[in-house]
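Undergrad: return a 3D structure for these sequence lines:
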Amino acid sequence: MQKRMIILFIGLSFSSLALGNAPSFQLKTDAQFTSPSLTKQKSIVIDDSDIRPSQIKLMNERKDNLKKRAQKLIDMETEYRESYIYAGEYISFVNDLKFASELKWWEEADFVDIPEPPIPSPAALENLKARIKEEQEKQQAILKEEERKNKELAIKAKEVEDKRLMQEEALRLKEAELNEQIRHNQAVEEAIRELTIINQTPIRQIPNLRTIIKNW
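TA: Below is the predicted model of the structure:
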């Protein structure tokens, strides 16, 4: 008897859900994929000349892994079928199975030995959607908190920068004031030298004030 496997397109690993890192996507239960017919025949041996033995080993290990995951779903179905855990595991399994089936080395016969776990119940899918929404909201809250902290740091950094610029401007003004004082002192010293010379000049040769100013 031929069997048909309903494939959901949404990829989701249970491990990410268990760790609280659910992907940010909405579950779509109406997207489906139908597998090739499952016929009772032996699995083929990959013998493509362009595939290295090491690659063949990895491919067969991948198929074995999919078989084990399918059996694990069947074993946990009775107890967990209503849970988002089962739905997440099932979707992850089917997504990986679909990806593998699209590779050039995958043959229709490869479906033969893979058990067909039952699809998640509507309750499990709803629980998964709720879990995804909850995790997404949690991640968004974390992101907003990080943004708030970054804004606070930016404000503090701006305050520090503004203070630094004010200090630099105050220093510049002090330097300008000092330079002006130096120029003034130099002018006074020059005037003292000029007046000293005048004081040493005989009375009749002392220039009048207008001449002093002119020669200053």
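
Undergrad: alpha carbons only for contacts and neighbour counts from here, please
TA: OK.

Undergrad: check which helix or strand residue 133 maps to.
TA: Assigned by DSSP states H and E, residue 133 falls within helix 122-199.

Undergrad: which helices and strands sit right next to that helix?
TA: helix 84-101 (3 or more Cα pairs under 8 Å, 6 or more residues apart in numbering; DSSP states H and E).

Undergrad: tell me what angle the helix it packs on forms with helix 122-199.
TA: 90 degrees (axes from the mean of the first three to the mean of the last three Cα atoms, to 10 degrees).

Undergrad: just the CA trace of helix 84-101, in CSV.
TA: Output in CSV follows, covering the C-alpha atoms of helix 84-101 (Å, rounded to 0.1, in the frame of the first residue of the first chain):
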residue,chain,number,x,y,z
TYR,A,84,4.6,22.4,21.1
ILE,A,85,7.7,20.2,21.6
TYR,A,86,6.3,17.5,19.3
ALA,A,87,5.2,20.1,16.7
GLY,A,88,8.6,21.7,16.8
GLU,A,89,10.4,18.4,16.4
TYR,A,90,8.1,17.3,13.6
ILE,A,91,8.5,20.5,11.6
SER,A,92,12.2,20.4,12.0
PHE,A,93,12.3,16.7,10.9
VAL,A,94,10.1,17.3,7.9
ASN,A,95,12.0,20.4,6.8
ASP,A,96,15.3,18.5,6.9
LEU,A,97,13.7,15.6,5.1
LYS,A,98,12.4,17.9,2.3
PHE,A,99,15.9,19.5,1.9
ALA,A,100,17.5,16.1,1.7
SER,A,101,15.0,14.9,-0.9
